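Chemist: below are the sequence and a predicted model; questions follow.
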Amino acid sequence: MRKVFILTTIIFLTLGACSKKQDTSKQKLTEEEIPKLVLQINNAKFTLSDFEAYLLGKKLDLKELDDATKSALFNDYVDSRLLLVDAEAKKIILNSDEIAFYRKGLEELNVTVDAPVLKSIYENLLISKYLKNIVFKGIKVTDNEAYKYYKEHPNEFYRPERVKVHQILLDSEDKALLIREKLKNASHNEFEKLAKQYSTAPESKKGGDMGWYEKGDLPSDMENVT
């Protein structure tokens with residue numbers, strides 16, 4: 001049975017201040033304000049703002065992601081847009097009864113979601129309906145066929161060992177020493193509470209949760225922690 005490790009770290013960071021003089025005399029749109037086309041599928045065009053809205057639906061911020069993660073997420077975004085564009089072309093929609101059913105499910109679970117997340121849920125449901133009604137319609141796979149494919153493609157089902165990283169990022173050494181004392185013999189729940197209370201990192205609201213990482217994804221000084 002593969003073991004899963006939770007790696008917790010405290011990082012001390014000295015923050016520097018910087019200023020940039022802004023030219024307010026120009027009234028033209030800045031480069032950041034001009035919609036940037038990042039994807040076009042037939043006549044459907046998608047901008048950087050559309051991609052950022054997609055990430056918001058997953059509770060992610062583009063500014064907080066490294067290049068490798070951005071690339072992987074953009075590939076997922078392209079795949080989902082291809083499916084949604086074709087779903088629209090084939091008139092696949094969620095009817096009012098289906099939408100009411102899923103909304104009722106959220107209410108029964110007492111789950112409240114904001115607009116970006118609700119849109120992401122809607123898109124995922126639409127993609128699932130498209131795959132079921134168009135892509136996989138009429139396709140049947142027996143247990144023997146599934147097992148045969150698994151035996152012939154084992155690497156597709158292999159996942160390397162990973163670690164889940166939590167961090168507390170602080171802006172002074174004094175705070176770092178104080179939190180380290182508080183963490184002696186602390187439980188995971190106590191770590192999360194301290195991260196939410198003291199950490200200056202973007203993921204502090206999630207208890208310092210930075211997600212899962214495979215070997216080689218993290219800096220060596222973090223990977224060597226045992």
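Modeler: Arrived safely, thanks for sending. Numbers count the residues shown, from 1 in each chain.
Chemist: wait, residue 201 sits on residue 168?
Modeler: Yes. If you go by CB atoms under 8 Å, residue 201 and residue 168 touch, sitting 7.4 Å apart. Where you see a C-beta, it was placed from the backbone N, CA and C, and this is true even at glycine.
Chemist: common neighbours of these two, please.
Modeler: By CB atoms under 8 Å, 6 or more residues apart in numbering, residue 201 and residue 168 have these common neighbours: 195, 208.
Chemist: show me which of the two is the more surrounded one.
Modeler: The neighbour comparison of residue 201 against residue 168 (other CB atoms under 10 Å) goes to residue 168, with 29 against 17.
Chemist: quick one: strands adjacent to the helix or strand harbouring that one?
Modeler: Assigned by DSSP states H and E, residue 168 belongs to strand 162-170. Its sheet considered, strand 162-170 pairs with strand 5-12 (parallel), strand 209-214 (antiparallel) by DSSP bridges.
Chemist: among these, which one carries the weakest average confidence?
Modeler: Among these, strand 5-12 has the lowest mean pLDDT, at a mean of 40.
Chemist: buried sites along the following helix or strand past that strand?
Modeler: Moving toward the C-terminus from strand 5-12, the next helix or strand (DSSP H and E) is strand 37-41. By 16 or more other CB atoms under 10 Å, the buried positions in strand 37-41 come out as 38-39.
Chemist: now do the following helix or strand past strand 37-41: distance to the chain's middle.
Modeler: Moving toward the C-terminus from strand 37-41, the next helix or strand (DSSP H and E) is strand 44-47. Distance, stretch centre to chain centre, for strand 44-47: 21 Å (CA atoms, centre = their mean, to the nearest Å).
Chemist: list the pairing partners of strand 44-47 within its sheet, with orientation.
Modeler: When pairing is defined by DSSP bridges, strand 44-47 lines up against strand 37-41 (antiparallel).
Chemist: if we can go back for a sec, what helices or strands is whichever helix or strand comes after the strand holding residue 168 leaning on?
Modeler: Per DSSP H and E, the first helix or strand lying C-terminal to strand 162-170 is helix 173-183. Using 3 or more CB pairs under 8 Å, 6 or more residues apart in numbering; DSSP states H and E as the contact test, the elements touching helix 173-183 are strand 5-12, strand 162-170, helix 188-198.
Chemist: brilliant, that's me finished.
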